[in-house]
Every structure is written in C-alpha cells, then in structure tokens.
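Chemist: have a look; sequence and predicted model below, questions after that.
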Number of protein chains: 4
Amino acid sequence: MPKDTFFNLPKEKQERIIEAAIDEFSTHPFHQARVTAIAEQAGIAVGSFYQYFEDKMDLYKYLMELLVEKKISYINRDMIENRDKYDFFQLLREAYLSGFRFAKENPRLLPIGMMLTNDKELYQKIYGEHENKGADFFLQLLEYGKAQGAVDPAIDLRIAAKLLTGMSFSLTDFIYEDGKLDLDDMAIIDQMLYFVENGLKKK
Amino acid sequence: MPKDTFFNLPKEKQERIIEAAIDEFSTHPFHQARVTAIAEQAGIAVGSFYQYFEDKMDLYKYLMELLVEKKISYINRDMIENRDKYDFFQLLREAYLSGFRFAKENPRLLPIGMMLTNDKELYQKIYGEHENKGADFFLQLLEYGKAQGAVDPAIDLRIAAKLLTGMSFSLTDFIYEDGKLDLDDMAIIDQMLYFVENGLKKK
Amino acid sequence: MPKDTFFNLPKEKQERIIEAAIDEFSTHPFHQARVTAIAEQAGIAVGSFYQYFEDKMDLYKYLMELLVEKKISYINRDMIENRDKYDFFQLLREAYLSGFRFAKENPRLLPIGMMLTNDKELYQKIYGEHENKGADFFLQLLEYGKAQGAVDPAIDLRIAAKLLTGMSFSLTDFIYEDGKLDLDDMAIIDQMLYFVENGLKKK
Amino acid sequence: MPKDTFFNLPKEKQERIIEAAIDEFSTHPFHQARVTAIAEQAGIAVGSFYQYFEDKMDLYKYLMELLVEKKISYINRDMIENRDKYDFFQLLREAYLSGFRFAKENPRLLPIGMMLTNDKELYQKIYGEHENKGADFFLQLLEYGKAQGAVDPAIDLRIAAKLLTGMSFSLTDFIYEDGKLDLDDMAIIDQMLYFVENGLKKK
DNA sequence: GATGAATGAGGTTTCATTCAT
DNA sequence: AATGAATGAAACCTCATTCAT
C-alpha cells in the first residue's frame, strides 16, 4: 500500500505517476520494469518515488488493485444486484461485454494482468495461494445456468468454465488488433455468444 | 542460431544444455533467467556457453524452434498429408488432442511459450511482425470446414479462430492442475469437442 | 553549536530532542544514526531539525558537550575546590566513584562515548588533535599523589595513568551487566581500590 | 566465508585485497566502509569483489578470523601447552607481552577489533550471544593463580578479570602514540607488571 | 518558526559478456 | 575447445539536506 505521502499528493501528480507506472509495467515484465524510468516519465526524483511507495512491489500491487477496481466498475451493477431477473445467456453476454469494454478502453492495462498471470512466482507473492478467480467466476455462472435449466446437463461445468475463461482471453486479443477486423464490438460479442449458446444450450 | 561448436558437441552434452535451459526459462521470465544458472545446471563453464551461443537470446530463439518442432511432431502425420480423407471435426479433434498430449508430456515447455506470448517486446525481437501463428492455423482449418460444409456459414471465421485458440490455451491449464479433475484425458477432449461441435456445426 | 532557534525552544521540547538524539546515537554509530529517526522520535519535523542545528554533526558535538558537562557534575565539588584537604587515594576513590555513579545513572550515554573513542576519523573531526582527556586527568592526579608521597616513585606515571584510564573503562562494563554480579556498587569500587592501592602505594 | 575463487587467487592478489580491506575497515566503521574503496585500493573491479566474497559482511567476518588467528599466533606456544611449568605472574606477563607485540606489529588491526567491540549490533551478527572472550581468559588465569596461592584471596576475581582486561586495552594505546614515550616495550610491560603484581599478590 | 515533500548523490549488489590461459 | 576469473554497466534503495509553503 502506498504511503500517505502519495495520497496527499495533488490528484494530477498522482495520476502522472500512475500513468508512468502503467506505461512501464505494460511494456516490461515486473523485474524488467525500472523504477528510474517511472520516476523520469512522471517527472519526479527517484528519491520521491520512495517517499510515496515502500518499493517497486508496493506500487505494483497498488496498480493491481486499481486494475481490479476498474474492471469491476465496468460490470453492469443492476445485473449483479438483481441477477434473478436475467437469464443465463444474458448474464454471460454482459460478462463478456463488460470485459470487452474494459479491455477496449484500457488497452494498456491488459498486458500487465497477462504478465502477472504468467509469472507464477510473482503471482504468489501478490495473491498467495488464491485460486484462479477467472475460472471461478464462470463456474458460478454456469452453475446458475444449469440450475435455470439453460445449460445442457451433459456438459462438465468445470471444463466449460475453463473454456469460457480461455475465450474471454481471446476476446482481448481483438483489442490489440483493433481495426483489422471490420466488425463493430457488438458484432464480435454477438458472434461469440452465437457460438457459445449453441455450444452450451440445452437441447 | 547456435554456433557450429554447439552442433559439434556430443548429443548427450547438447541435451544437457537444452535441458538446463528449459529448466531455467520455464521458471523465470527471459530477463530473469540467468546464463550462469544454465551453465551450472548443464555442468559447463560460462565461457563455454558463449562458444556455443551468440548470447542468451540466441539460445532462447533456438529453444523456441525446438519447441515448435516438437509440438508439430505430436500431430498425426497422416492427417496432415491426407487431409482430405478426414472431416473437419475429426481434424479439430486431432488438433486439440495433439496439443493436449504435447502439453501433458512436456509440461515444462508450456510456461516458456506463455511467458513469451506475454512479453510483447521480446516477442517482436524474436518473430518480428509475424502474425499469431495459432490463430492462423485454426483459421485455415475453419475455412476448410466451411468449404466442406461442416461449419455454420453464419459464423465469422476470424472470430471463431480466435476462440478456438483461446480454448486451446485453456486446455493446457488442465495440465497444471493435473489430478484435480476426475476425468481422463480423452473425456476432457470429448467434452471440449461436444461443446465446440454444437457451437460450430451447421444447423 | 546549535542555532539560537534551538535555545529559544521551550525547555521541554529541547529535552525531547536531546533524549531522542541520545536514543539514536547510543544505539547506532554516528554515520548509521538517522536524522529522520531523531526527528520522528522527538516529534518534530525533519525541516525543524535543520532550523535548530547546522547538521547532524552539529547536534552530535553538542551532545558530547552535554555529556562531558554532565559527567563533571558528578564529581564532588568540594574535592575539586579543596583538593589539598584530601589525600591521593581519597581523590582516586572519588574519581572512580563519580565515574561509576555517572555511568550507572546514564547508561545510554556510555556507548556514545565508546563509539566516538573508536572512530578515529570522527574523533578528529570533533576534537582535532586533542590529547586523550581521560589519561591527562589521571596523570595530574598521579603527579599530585607522587608529590604527596603517596605513590611509589618507582612507577612511571604516564603508564600508570593509562592503566587507571583503562580500568575506569572496565568499570562501566559492570553497568551493562548489571545484576550479574552479586556485589553492591560500593563493594565493586572497594575491590578496585584495594587492587589499585596495593599496586601504587609507596612501600 | 570467502568463495573458492578467492582462495584460488595468487597469494599476492589475496594479500592485496586483504590489505585494502584492512585499510578501509581500520579507518571506517563497518557500515561506513565502502566496498568500492576496497576494490579500488586493491586494484580489482567491483564485480570481482563479489566473485570472491558473498558480500561486505563475508569479507569482514573473514578478516575477524584472520585477526584472531594472528593474535593467537603471538602467544608463546610452550606456555599454553605446559602451563604448569609457569607461575601465575609469568603467565600474566606473557599474556600482556603477546598482546603488546601483536598490537605493535599490527597496529592497523586494533581499531577494527575495537570498533567491533563497540558496535553491539554488529558484534551479535558475527558472534551471536558469545560472552566477552577477553574477560573470560583473564578470569581463568586468575583462578589458576588463586589455586596456585599467588593471588590475594581477598580479591574478587571477576572484578580483577575486568580490570586486567581494561588494562590490556590501555596497553594498545601506547601503540598509537608510539615514540611519545621514551621507554622500550619491555619497560612498559615491566611497569605494568610491577603495578599488577603489587595489586594482586598475596600478602 | 514549522512543516514535510523533493532532491540526488552514493552505496551495495547482480549478471551478461569478454578475456586470458 | 574449455575454463572461469574479470569487468563494469545498471538496478534498487537510503538518507542528509534543501526548498517551498
């Protein structure tokens, strides 16, 4: 957690630092990211960096929090609070849609999360033994869908959850290649859903 | 490309070095991986390392080649050479199956590829502007399937290709969590195919 | 020398600062002692510190002065002013006794002096080429004792002075190990004197 | 403990490094001593330093070992092995004499030991909870002397041990002020012994 | 006068790569 | 060809001191 000195900073400066950090961490794996580069980019002295943060990891963890927080903010609040009003495929569509929108509007945040996902050692330092959250989320959703009778009971939900997770990662790839595909966002989602619905729907 | 000196080495020594490299690169991101550790583990002098390879990157690139080569070796040769004898879903099943087997039997190779995928800077240094190979492979397969009439024409193949790629990544996750799932390998693949077939099949 | 601003401070605050400084300097060698730690402990801002003192050294020198002043305050005033009324061994006993009492009641001050003694570079910065004060003191005392006829003339006073100094350092060690020795303070001093008297007395 | 690489070095180079280390550690407290300065002085690259030693502390500990070893080498071997042939005051004289000679011939080593003695924190890191060896040595000697009937039974040995220790420290002071005193070494020792004998001897 | 953020020199340590044998 | 010591450029982090309010 950043020190108070950081939070006492004018918002503008805080942002400059966070922006610089995102720049650095989105283009370099954690150990390759340089504190000096962040400080330079943010226009502060290295010494100042260490008055705001315990160390490099401290800033990194904070960034992760911001990232999660931001990602959550993209989810339709009503769908979370009144889940029962929606059917399984609506919820799934919303899940993908929010993930997609988040990725689209925060493209630089993606690689950060990705790199973390792939550096097991680092991941443990930050989250300890936490299970993979992503798959858990889809698993719950699928269980809900099965209970609702929307999901084909012949399907093993644990496997399906993994697949949905994998596909959601694929989605973000479209962000990187923005423009190469002559479809608008909704069309992409629709296509995905079309595929998924057929794959999962009770027959 | 390794120097001739490397290829002149007794096979056994070459292997020791490659094994050591895999050990190191599968547990550390490229920049975190230490030449010294590899040399030590392989039982050679650091100086020797530089007589075999231009530098760390040289070995790394070579490893990637080996990895691809090995991965290809898992594919059923007959299916490649006599593609026409097989229908789309058979080919897809084979693709997943070979990927799954490869991952299962070479678990240490997975993280290496993963890490590379996520370090864009590194990726470019190695493959330049190359497209994503994985998606390309599935795209071709899907086009074949469409021509065959097996794939629903309403589906955008580029998107489907991405999804299949994403799902194939998910598959490898099962390797990491080996044992947690009370299904044998075939059952996992079957489940996946069941899902995918329904998703893609022409109705 | 501290700035006027320091002396204008309310006594209570001055003391808080001095206490904090003693805490820090008694537990860390000069260069290891941190200005920030002192300020924090004293409950003042670092900036304030530099309004009271030129720099870290300034405070340190001042501390040394206080230390000497305090040490002197432990000496029986009458013995200094009317030295002639006392014989050599009475004076010596008083010297040790006062040193002992001082050490006993100001245990934290001891290590500060010790560390200074051993950091020649620092010592010079503070006292320049000054002779060792301690030995000088005992030398004078011994000369007085010799003139009085109390001290064995066969003894080289310069050497004896050094020895008495060394022994007085030993005394302070008892402070650190308070309780380990089942003798009260007076008994310790008596033992020392018994030893010293026999060593020095004219036969 | 230094790495093998250090011991594989030509003796001449090892010595250059040790000399440089002594230079630096004898003029600066541990934390103030700079690895860079040692490397420079020894004419090696900083990187090399770290191929010879784990870190700064590693070299420092090694230096302490050398110091102790060297100090021990000054003691008359016969007196250790055939203690019974010598009486208490002969042994004491030898103890002081060897300490004196050692100090005289290795003046730069003294401050290193001194500084260590006064940096409790450092001392513990190196020796753990070890008691003060110096006092122990004299205590044993005194017990021997008492058993022999050479030492006045009225004297508390624990106190006497401390005093002898303190005096031995004083001895080394003469080294620093070499030349200021118009006595040869033996005379100094004789004076000390004269003093001590009278102080301790059974009456 | 009081505050505490800002600064940057400087210290330790790591490691890819070169060099000398 | 093989070795492993030598090198030095960074990287992280600390902290005395200055500065702006």
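Modeler: Great, that's in hand. Numbers count the residues shown, from 1 in each chain, chains lettered A, B, ... in the order given.

Chemist: any idea which element the residue nearest the centre of chain A lies in?
Modeler: Centroid check for chain A by CA atoms, centre = their mean gives A:K71 as the closest residue, at 5.6 Å. Per DSSP states H and E, A:K71 falls inside helix A:56-73.

Chemist: for A:K61, give its distance to chain C.
Modeler: From A:K61 across to chain C, the span is 25 Å (CB to the nearest CB, to the nearest Å). All C-beta atoms are positioned from the backbone trio N, CA, C, and that covers glycine.

Chemist: go on, A:K162?
Modeler: Taken as CB to the nearest CB, the span from A:K162 to chain C is 51 Å.

Chemist: leaving out the residues flanking it, which one is nearest to that residue?
Modeler: Of all residues not flanking A:K162 in the chain, B:S170 sits nearest, at 4.3 Å (CB to CB, 6 or more residues apart in numbering or on different chains).

Chemist: so where's chain A shaky on pLDDT?
Modeler: Along chain A, segments meeting pLDDT under 70 span A:130-135, A:178-183, A:203.

Chemist: that one: helices as residue ranges?
Modeler: Assigned helices in chain A, in chain order: A:4-7, A:11-27, A:35-42, A:46-52, A:56-73, A:77-81, A:88-105, A:109-118, A:120-127, A:133-148, A:157-176, A:185-200 (criterion: DSSP state H).

Chemist: near chain B, anything from the last one?
Modeler: Spelled out, that is helix A:185-200. Yes. Interface with chain B: helix A:185-200 contributes A:A187, A:I188, A:Q191, A:M192, A:Y194, A:F195, A:V196, A:N198, A:G199, A:L200 (CB under 8 Å from any CB of the partner chain).

Chemist: circling back: ok, the residue nearest to A:K162 - how many residues close by?
Modeler: B:S170 has 23 neighbouring residues, counting by other CB atoms under 10 Å in any protein chain shown.

Chemist: hmm, A:S168 and it touching each other?
Modeler: No. Between B:S170 and A:S168 there is no contact under CB atoms under 8 Å: 9.9 Å.

Chemist: so who does A:Y60 touch?
Modeler: Contact analysis of A:Y60 by CB atoms under 8 Å, 6 or more residues apart in numbering or on different chains lists A:A21, A:F25, A:F30, A:A33, A:I126.

Chemist: measure the nearest residue to A:H31 once chain neighbours are set aside to A:M57 for me?
Modeler: Sequence neighbours aside, B:Q32 is the residue nearest to A:H31 in space, at 5.1 Å (criterion: CB to CB, 6+ apart). Look at B:Q32 and A:M57: by CB to CB, to the nearest Å, they are 14 Å apart.

Chemist: who has more neighbours, those two?
Modeler: B:Q32 (17 against 13).

Chemist: which residues touch that one?
Modeler: Contacts of B:Q32 (CB under 8 Å, 6+ apart): A:P29, A:H31, A:Q32.

Chemist: for the residue lying closest to the first one once chain neighbours are set aside, give me its contacts.
Modeler: Translated: A:P29. Distances taken as CB to CB, 6+ apart put B:P29 closest to A:P29, at 4.7 Å, once the chain neighbours are dropped. Contacts for B:P29 were tallied using CB under 8 Å, 6+ apart; they are A:P29, A:H31, A:Q32, A:N118, A:D119, B:M115, B:D119.

Chemist: the same query, at a cut-off of 7 Å, please.
Modeler: Residues in contact with B:P29 (CB atoms under 7 Å, 6 or more residues apart in numbering or on different chains) are A:P29, A:H31, A:D119, B:M115, B:D119.

Chemist: any chance of those residues in a markdown table with distance to A:F102 as columns?
Modeler: As requested, the contacts of B:P29 are exported to a markdown table (distance: CB to CB, whole Å):
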| residue | distance to A:F102 |
| --- | --- |
| A:P29 | 22 |
| A:H31 | 26 |
| A:D119 | 22 |
| B:M115 | 24 |
| B:D119 | 22 |
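
Chemist: just those residues now: which is nearest DNA strand F?
Modeler: Among these, A:H31 lies closest to DNA strand F (CB to the nearest atom of the strand), at 7.8 Å.

Chemist: would you confirm that the closest one contacts B:F30?
Modeler: No. Between A:H31 and B:F30 there is no contact under CB atoms under 7 Å: 10.0 Å.

Chemist: of those two, who's got more company?
Modeler: When A:H31 and B:F30 are compared for neighbours, B:F30 comes out ahead with 20 against 14, by other CB under 10 Å.

Chemist: my guess is the more buried one meets B:L122, correct?
Modeler: Yes. Assessed by CB under 7 Å, B:F30 is found in contact with B:L122 at 5.5 Å.

Chemist: how close does the residue in chain A that chain C sits nearest to sit to A:I22?
Modeler: For chain A, the residue closest to chain C is A:Q51, as judged by CB to the nearest CB, at 10.9 Å. Distance of A:Q51 to A:I22, computed by CB to CB: 20 Å.

Chemist: swap in A:L109?
Modeler: Distance from A:L109 to A:I22, by CB to CB: 7 Å.

Chemist: ok, now A:H31?
Modeler: Counting by CB to CB - A:H31 and A:I22 are separated by 17 Å.

Chemist: kindly report the same for A:V151.
Modeler: Taking CB to CB, one finds A:V151 at 38 Å from A:I22.

Chemist: looking at the two, which is more packed in?
Modeler: With neighbours defined as other CB under 10 Å, A:V151 and A:I22 compare such that A:V151 has more, 23 against 19.

Chemist: picking that back up, residues near the residue of chain A closest to chain C, how many?
Modeler: For A:Q51, the neighbour count with other CB under 10 Å is 12.

Chemist: please name the nearest non-neighbouring residue to it.
Modeler: Using CB to CB, 6+ apart, the closest residue to A:Q51 is A:T5 (5.1 Å).

Chemist: break chain A down into its structural domains.
Modeler: In the domain annotation for chain A, the residue ranges read A:4-63, A:74-200 (automatic domain parsing).

Chemist: quick one: closest of those to C:G99.
Modeler: Smallest distance to C:G99 across those (CB to CB): 44.5 Å, for domain A:4-63.

Chemist: can you give me the end-to-end distance of the closest one?
Modeler: The straight-line separation of the ends of domain A:4-63 (CA to CA, to the nearest Å) is 16 Å.

Chemist: ok now it, how far from the chain's centre?
Modeler: In terms of CA atoms, centre = their mean, to the nearest Å, the centre of domain A:4-63 is set 20 Å apart from its chain centre.

Chemist: got a list of what A:L200 touches?
Modeler: A:V151, A:D152, A:I155, A:A160, B:F195.

Chemist: what's the separation between the closest residue in space to the first one that isn't next to it in sequence and chain D?
Modeler: Nearest residue to A:V151, sequence neighbours excluded (CB to CB, 6+ apart): A:G145, at 4.1 Å. Between A:G145 and chain D the computed distance is 58 Å (CB to the nearest CB).

Chemist: surely A:G145 and A:P153 touch.
Modeler: No. Assessed by CB under 7 Å, A:G145 is found out of contact with A:P153, at 10.5 Å.

Chemist: neighbours of the nearest residue to A:A95 once chain neighbours are set aside, how many?
Modeler: Distance criterion CB to CB, 6+ apart; nearest residue to A:A95, sequence neighbours excluded, is A:L141 at 6.8 Å. The number of residues packed near A:L141 is 20, by other CB under 10 Å.

Chemist: A:L163 too?
Modeler: 28.

Chemist: with A:L109 instead?
Modeler: Counted with other CB under 10 Å, the neighbours of A:L109 add up to 20.

Chemist: can you tell me how far A:I80 sits from A:Y86?
Modeler: To A:Y86, A:I80 is 10 Å away according to CB to CB.

Chemist: out of those two, which sits in the more crowded spot?
Modeler: For A:I80 versus A:Y86, neighbours defined as other CB under 10 Å are more numerous around A:Y86 (17 against 11).

Chemist: show me what contacts the residue nearest to that one when sequence neighbours are not counted?
Modeler: Excluding the flanking residues, the one nearest A:Y86 by CB to CB, 6+ apart is A:M79, at 5.8 Å. Neighbour list for A:M79: A:Y86, A:L91, A:E94 [criterion: CB under 7 Å, 6+ apart].
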